[in-house]
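Chemist: Any chance you can model this:
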Amino acid sequence: MKILSKEAFDRAEEFVWRSARILDRRRFDLVFHDGPAEPVLAALAAYRNPDGGYGNALEPDGRGPGSQPITTLTALHVLHEAKAAPDGVVEYLESITADGGGVPFVHPNIRDYPRAPWWQVSDTYEGSLLPTANLVGALWQAGVTHPWVDSAAEFSWARIDALTTTHPYEALGVVGFLDNAPDRSRAEETAARIGRLVRDNGLVRIGAEGTVPAGYNPAELHSPHEYASTPDSLARAWFTDDELSASLDDLIDAQHEDGGWRVRWESWTPATEHEWAGWFTVECLRTLKAYDRW
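Modeler: All right, here's what the predicted structure looks like:
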């Protein structure tokens, strides 16, 4: 079992101070040095819009100013880190909910702005499981109770129960939902079924194992530690001790000489490569800390 050395952690910290966005610099100080939450919240506020949602490239692949569901999900995770209430977020989500429930993966307000090639605006306005389940899970984690959360949870449960196939990002979103679902027995039973879909369809990076769903790059297969980013995640049961240990070893080995980690997916413009690297370095260190690997 590999342990991230103090020298390697110090190189990661230097990378963050040298290269990361101010938000991720503040997050690093909060998470790893018990720094104050106020600077994190001040940095996050720059991405917030009057509608209560978040945009402005907080999620680097969406460069438009308007609020987006996935970008707002990122904000919810930062607010949770800072132990801050997600004021106004549910009202924003209510305002963009499609008929039949759920929010779209990409809101049309980004149509005329730069975005990653995979941020495709649909010809129809309809709810998507991936962002909706993720958002409900994050709001449950924050202790939010609201009719929208209940309705979106029903939408998500129905979509999850109907899944016979999935893809890595959708499965990861389902994990975020199930890890925070109040009905623990239903969540555990469903997680076991989703885990079988992930394993049986090779949607995980374990050695040479893994088949890639149509439209996805081989680099987008998630590793065991990405599905189960903390030891108490329901996805932890999907993997043997040896599989998870090897995955965390690989994560340590993936650190670059400059101290940072890089996302595996395509960087479609230099700005996103730079912005993702700071965020991803903080996330990798959080995972290693959760598993006592440094």
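Chemist: Quick check: which ranges of the stretch 101-250 of the chain have low pLDDT?
Modeler: 207-217 (pLDDT under 70).
Chemist: can you pull out the helices in it?
Modeler: Under the criterion DSSP state H, counting those that start in this stretch, the stretch 101-250 of the chain contains helices at 129-141, 147-161, 168-178, 184-200, 224-227, 241-253.
Chemist: In CSV: those, plus mean neighbour count.
Modeler: The C-beta positions use only the backbone N, C-alpha and C, and glycine is treated the same way. Shown next, in CSV, are those (neighbours: other Cβ atoms under 10 Å):
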stretch, mean neighbour count
helix 129-141, 24
helix 147-161, 18
helix 168-178, 23
helix 184-200, 15
helix 224-227, 24
helix 241-253, 17
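Chemist: any chance of the ones you listed in CSV, plus distance to G260?
Modeler: Listed next are the helices of the stretch 101-250 of the chain as CSV, based on distance: least, Cβ to Cβ, whole Å:
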stretch, distance to G260
helix 129-141, 25
helix 147-161, 34
helix 168-178, 22
helix 184-200, 28
helix 224-227, 17
helix 241-253, 13
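Chemist: closest to R264 out of those helices?
Modeler: Taking Cβ to Cβ, helix 224-227 is the member of the helices of the stretch 101-250 of the chain nearest to R264, at 10.0 Å.
Chemist: could you say what helices and strands the closest one packs with?
Modeler: The helices and strands touching helix 224-227, judged by 3 or more Cβ pairs under 8 Å, 6 or more residues apart in numbering; DSSP states H and E, are helix 168-178, helix 241-253.
Chemist: quick revisit: nearest to R111 among the helices of the stretch 101-250 of the chain would be which one?
Modeler: Among those, helix 129-141 sits nearest to R111 (Cβ to Cβ), with 17.2 Å.
Chemist: circling back to that earlier point, quick one, which of the helices and strands packed on helix 224-227 gets closest to P218.
Modeler: Per Cβ to Cβ, nearest to P218 of the helices and strands packed on helix 224-227: helix 168-178, 10.8 Å.
Chemist: which other residues reach the closest one?
Modeler: Residues from elsewhere that reach helix 168-178 (Cβ atoms under 8 Å, 6 or more residues apart in numbering): 129-131, 133-134, 136-138, 156, 160, 163, 166, 187, 190-191, 194, 197-198, 203-204, 213, 216, 220-222, 226-228, 233-235.
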